[in-house]
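Participant: I would like to see how this sequence folds:
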Amino acid sequence: MAELDLNRRDFVRAAVGSGFAAAVLPVTAQTVVKTDSAGLRVGEVTIPLGDFKMPAYRAMPEGGRNLPVILLVSEIFGVHEYIADVARRLAKQGYLVIAPELFVRQGDAGDYGEIAKLLAEVVNKVPDAQVMGDLDACVAWARTQGGDTSRLGITGFCWGGRMTWLYAAHNPGVKAGVAWYGRLVGASTPLTPKHPVDLAAGLRGPVLGLYGGQDAGIPLDTVDKMKAALSQGSASAKASSFHVYAEAGHAFHADYRPTFLKGPAEDGWQRCLAWFKAQGVA
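Facilitator: Sure thing, here's the model as predicted:
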């Protein structure tokens, strides 16, 4: 598989959403999707949280008002070019999209060349409660930027997929979520006290889970446990759904990585858009 000629020296991000995270270089050349910004307002913004200013990538139709809002939660690699491109894809559908840098207090996720070190020094130090508060701040900011937060959706990949489930249980204003291969079970720790399966019954908005049948990190028996928990819960929990792509592994939507599978990625994207529309986000 061909690879883009990118190395550590090439990776110096000028702004949030530009370049690729160091840990994923080199990226696969022939599969990288490029979405232009024609007709959009895009770029880095800052979200106020008291005295702290959280960087984020924002994409929205130029001049748009009263737009439905989607929170876009990244993988462990932070808000690099892939996440920014997904934001532009959603903005082309008429959404105000906010992709916040949720690791920024702990470190620069994009600057780590080793995944194990990134997890140990940054990602695993991020409290779930901090993420929920940061996402709440994004919603509040969206209201000041032409966003209609009565039509609020959330989607995320891998780490962000897990956060999608958690936020759908946290914020009663969430109308719908789409979780791409987010971990569903885990040990309770001070930073991660509850996992999606523990919160499933209390979902405030229905979630569509898009998962890979060959994902070694998310065994299908954990999907079954989540389905069982959802079936005993709220109306939103019972309205939630899964689609498992038998042939896919982890990160099948990540078009810049060897894990990308065109068929499941494209089908999942259409299911994602249809889910938001059906649940009243669009």
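
Participant: Where does the spatially most central residue of the chain fall, secondary structure wise?
Facilitator: With distances taken as CA atoms, centre = their mean, the residue of the chain nearest its centroid is Gly156 (1.8 Å). Here Gly156 sits within strand 147-157, counting by DSSP states H and E.

Participant: helices or strands next to the following helix or strand past that strand in the packing?
Facilitator: Of the helices and strands lying after strand 147-157 in sequence (DSSP H and E), the nearest is helix 159-170. Using 3 or more CB pairs under 8 Å, 6 or more residues apart in numbering; DSSP states H and E, the elements in contact with helix 159-170 are strand 67-73, helix 128-143, strand 147-157, strand 174-180, helix 196-199, strand 207-212. (Glycine included, C-beta is placed from N, CA and C.)

Participant: run the last query once more with 10 Å
Facilitator: strand 67-73, helix 128-143, strand 147-157, strand 174-180, helix 196-199, strand 207-212, helix 235-239 (3 or more CB pairs under 10 Å, 6 or more residues apart in numbering; DSSP states H and E).

Participant: can you map out the strands along the stretch 1-150 of the chain?
Facilitator: 40-49, 52-61, 67-73, 96-100, 147-157 (DSSP state E, counting those that start in this stretch).

Participant: Using a markdown table, please lay out the ones you listed together with mean pLDDT and distance to Thr259.
Facilitator: Putting the strands of the stretch 1-150 of the chain into a markdown table (pLDDT from 0 to 100; distance: least, CB to CB, whole Å) gives the following:
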| stretch | mean pLDDT | distance to Thr259 |
| --- | --- | --- |
| strand 40-49 | 96 | 26 |
| strand 52-61 | 96 | 23 |
| strand 67-73 | 98 | 18 |
| strand 96-100 | 98 | 20 |
| strand 147-157 | 98 | 11 |
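
Participant: Would you format those as CSV with distance to Arg183 included?
Facilitator: Below are these laid out as CSV (distance: least, CB to CB, whole Å):
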stretch, distance to Arg183
strand 40-49, 25
strand 52-61, 23
strand 67-73, 13
strand 96-100, 20
strand 147-157, 11
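
Participant: Nearest to Gln270, out of the ones you listed?
Facilitator: Across these, the minimum distance to Gln270, taken as CB to CB, is reached by strand 147-157, at 13.5 Å.

Participant: I'd like to know which elements that closest one is packed against.
Facilitator: So strand 147-157, by 3+ CB pairs under 10 Å, 6+ apart, packs with strand 67-73, helix 81-91, strand 96-100, helix 128-143, helix 159-170, strand 174-180, strand 207-212, helix 262-278.

Participant: Once you drop chain neighbours, what's closest to the residue nearest to the centre of the chain?
Facilitator: Val73 (3.1 Å; CB to CB, 6 or more residues apart in numbering).

Participant: same question, Trp159
Facilitator: Ile76 is the one closest to Trp159 (CB to CB, 6+ apart), at 4.8 Å.

Participant: Okay then, goodbye and thanks.
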